[in-house]
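> How does the following fold in three dimensions:
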Amino acid sequence: MKSTMTGFILAVLSLLACVPARAAEETRSFIALAYHNIEDSSPDQRFVGVTTERLVEQLSWLQMNGYHMVSIDDLLAARDGGAPLPDKAVLLVFDDGYASFYTRVFPILKAFGFPAVLALVGDWLEGGTTPVDLSADESALAGRDDGTVQFGDLTVDRSLFLTWDQIRKVQASGLVEIASHTYGGHRGAIANPQGNSEPAVTTLRFDPQSGTYESSAAERARLEADSTRMVQRIEQETGTAPRVMVWPYGERNDLAISIAAATGMPITLTLQDGLATVDSLSAVPRHLINPDPPLKQFVAELRTYADKAPVRVVQVDLDYVYDPDPVQQERNVGLLVERIYQMQISTVFLQAFADPTGSGLARELYFPNRVLPMRADLFNRVAWQLRTRAHVEVFAWMPVLAFDLGTDVAGVLAWNPQDGSAKHEPGAYLRASPFDPEARRRIAMIYEDLARQAPIAGLLFHDDAVLSDFEDASAPALAAYARAGFPATIEAIRADPEILRRWTRFKTDALIAFTHELASRVRHYRSPLLTARNIYARPVLGADAETWFAQNYDSFLAAYDYTAIMAMPALENVETGQADAWLRRLVAAVATRPQGLERTIFELQAVDWREATAGRDGDIPTQNLEQQMRLLLRLGALNFGYYPDDFTTDHPDEELLHRSFSLQSYPYLP
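Residues are numbered from 1 along each chain as shown. Just a heads-up that it's a prediction; the model follows:
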């Protein structure tokens, strides 16, 4: 039986050797692979198990196909101008500190001569079922080992994990780099009043007894204590302090990365797919090997794991989920999550601000913050449920300027050519001026508080970030124009076409710069972070429209990961019979730009707000929406979605929409 299996493996390896390898970017790039427990048979996926046989198959295939295993020293040398990395460099990493690393993995590494990184969790090595108090001294930890370890919700035998003696032996080989996987941070923490448990490293802890969240100072102290404790333990036991931090669940943020660096670990490893580079070792992407993939699947994943998948997005009003009755609100959460799960899509743009009247002005928010009232502590709950149960990426959908910040901050004003006055333009969003330092400070605080509370993958900047060709005429705006060398009045600016053009671009760039500042605040607590920004269709179809909106499609493509075009014919007053032709023009304009189709999301509309405002049924038939999606697919659009979604009435009809909208059906997910 063994000889038959060996022959089969060799035959498969021979066939797969003919597959061309993914090209690395020069010799500064590498692939990092994340393994966990290795078992001889029936690998337990609670421990992300891979069989010994398949590990050998995979390492053999890598060796036979010209891949070269590299060490942390190799990465640092290449980064610092020493020997470049070999072609097709691979970093092997084994997480969690399982005993199988010593009994199964280590002999295999020695046989191949391959280096690897071994990431250890201090609390699991020390034993004990009670979470460690990181403020305690060493003597307080004595006697904690009762022969078991608390592993998530499981209590497992201590023998599942390495001993320090085994760790010292593998380190002495020169093949194994010992890394921190935190001391007590590989667990969940209560993250909201509803009791969700979220990754401890990036979660602001909620105390059910007091009903409060930990402070920023307490969060920092907790992370610093954990990082310091693990560095000390590794150095005490092995004689060498770790240089590498491997983040539990791959979750990290700029705060955690800075603390790891300050405690001697400037290299940190994530679980984000992608090609790694020695020029960015502070957050190295890794590909998770799971669950025990056969060789064919392993090779296929190796070829495609860095590819960007198409986006299918639903933009969701949290106002529909909120209910003053907490029981009904939980029912609403369940209905929404189940609906999104059934759709089998990739992304949800989730409203983080309250706008129950549809005014477009955020007077309340759905997360604790220092600036505006909180309608309900709901955003974290829904975002986490969508992420973990519906398996989608959640973007926080947020205004940029349309916050009710009171009368002590400047609002966006429009110059009136009839009387020279400056006032709010009727029909436009009420917005804080992006040129008022106090308005910017408060909005930045809102975004920072969102980031501390919310497990998000990205931001969607709302369509309120616009300035017309008569805006902004507030005093802070006029002062900003003067500093930039423009005339003192809007009238004088508009009188010269060339000055008008430069003024328009100045405003476009100013709004982009402000969104970048807000994203930077969020990235401190949530990274990686994708960004998307809504744009009206007219600036895409004609460059002259930038004057009316201070939006430029080419600038958006360069500034954000995705540009979300409001591809809404009825919103643009396009007649029903002309909608398809209008969409064709829109897709054609996008396709002329480099990476236009790859970085653009077409957002269709599920409601005709003109009809709804007139008191008639504004729901656009699902058949119409589905036909538009099919048209987008035929035209080569990769990313699309719709707004709004009403899970309470099943509009659009999920079952009918599924055949054109779901990534499961059409046609990208395996």
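
> CA only for contacts and neighbour counts going forward, please
Noted.

> Okay, strands next: where are they in the stretch 301-450 of the chain?
312-316, 347-351, 353-354, 364-365, 393-398, 414-415, 422-423 (DSSP state E, counting those that start in this stretch).

> go on, the stretch 101-250 of the chain?
Using DSSP E, counting those that start in this stretch, the strands of the stretch 101-250 of the chain run over residues 116-120, 148-151, 154-157, 176-180, 188-190, 197-199, 206-207, 212-213, 244-246.

> which one of the ones you listed is the most hemmed in?
Sort those by mean neighbour count, taking mean count of other CA atoms under 10 Å, and strand 244-246 sits at the top with a mean of 28.

> Just list what that strand packs against, helices and strands only.
When contacts are defined as 3 or more CA pairs under 8 Å, 6 or more residues apart in numbering; DSSP states H and E, strand 244-246 sits against strand 176-180, strand 267-269.

> and the residue lying closest to residue 295 once chain neighbours are set aside, backbone torsions?
Leaving aside its sequence neighbours, residue 295 sits nearest to residue 58 (CA to CA, 6 or more residues apart in numbering; 6.4 Å). Backbone geometry at residue 58, expressed as degrees, to the nearest 10, gives phi -70, psi -40.

> Quick check, residue 58 in contact with residue 300.
No. Contact between residue 58 and residue 300 fails when scored by CA atoms under 8 Å: they sit 11.9 Å apart.

> Any regions of the chain where pLDDT drops low?
Applying pLDDT under 70 to the chain flags the ranges 1-26, 128-146, 665-670.

> got the domain boundaries for it?
What automatic domain parsing lists as the domains of the chain is 23-184+220-304, 312-661.

> residues contacting residue 604?
With contacts defined as CA atoms under 8 Å, 6 or more residues apart in numbering, residue 604 is in contact with 566, 567, 568, 625, 640, 641, 642, 643.

> from the residues you listed, which two are the most distant?
Within the contacts of residue 604, 566 and 625 form the most distant pair, 13.9 Å apart (CA to CA).

> Next up, the contacts around residue 524.
Residues in contact with residue 524 (CA under 8 Å, 6+ apart) are 253, 254, 255, 451.

> Secondary structure added to those residues, as CSV?
Below are the contacts of residue 524 laid out as CSV (DSSP: H, G, I helix; E, B strand; the rest coil):
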residue, secondary structure
253, coil
254, helix
255, helix
451, helix
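
> In CSV, list those residues along with distance to residue 162 and neighbour count.
Below are those laid out as CSV (distance: CA to CA, whole Å; neighbours: other CA atoms under 10 Å):
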residue, distance to residue 162, neighbour count
253, 29, 19
254, 30, 20
255, 30, 18
451, 36, 24
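
> I'd like the residues you listed written out as a markdown table, with distance to residue 376 added.
Shown next, in a markdown table, are the contacts of residue 524 (distance: CA to CA, whole Å):
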| residue | distance to residue 376 |
| --- | --- |
| 253 | 26 |
| 254 | 28 |
| 255 | 27 |
| 451 | 17 |
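
> is it fair to say residue 532 lies in a strand?
Yes. Per three-state DSSP, residue 532 lies within a strand segment.

> How many residues are close by it?
If you count neighbours by other CA atoms under 10 Å, residue 532 ends up with 26.

> and what of residue 275?
19.

> pretty sure residue 490 contacts residue 416?
No. Using CA under 8 Å, residue 490 is not in contact with residue 416; the gap is 9.5 Å.

> what's the overlap in contacts for the two?
Taking CA under 8 Å, 6+ apart as the contact rule, residue 490 and residue 416 both touch residue 470.

> Looking at these two, which one has more neighbours?
Comparing residue 490 with residue 416 by neighbour count (other CA under 10 Å), the higher total belongs to residue 490, at 24 against 17.

> which residues does that one contact?
415, 470, 473.

> what about the second one, neighbour count?
This points to residue 470. The criterion is other CA under 10 Å. On that basis, residue 470 has 18 neighbouring residues.

> With the last one instead?
Here the count is done by other CA under 10 Å, and residue 473 has 23 residues near it.

> Spatially, what comes nearest to it if we skip its sequence neighbours?
In this structure, residue 473 finds its nearest non-sequential neighbour in residue 413, 5.0 Å apart by CA to CA, 6+ apart.

> What sits closest to residue 84 if chain neighbours are left out?
In space, residue 84 comes closest to residue 78 once its chain neighbours are excluded; the distance is 4.7 Å by CA to CA, 6+ apart.

> I'd like the distance from the helix or strand harbouring the one you found to the chain centre, please.
Using DSSP states H and E, residue 78 falls within helix 72-79. Centre-to-centre, helix 72-79 and its host chain are 28 Å apart (CA atoms, centre = their mean, to the nearest Å).

> Strand 176-180 and that one, what's the angle between them?
Orientation check (axes from the mean of the first three to the mean of the last three CA atoms, to 10 degrees): helix 72-79 against strand 176-180 gives 90 degrees.

> out of the strands of the stretch 301-450 of the chain, nearest to residue 187?
Closest to residue 187 of these is strand 393-398 (CA to CA; 21.3 Å).
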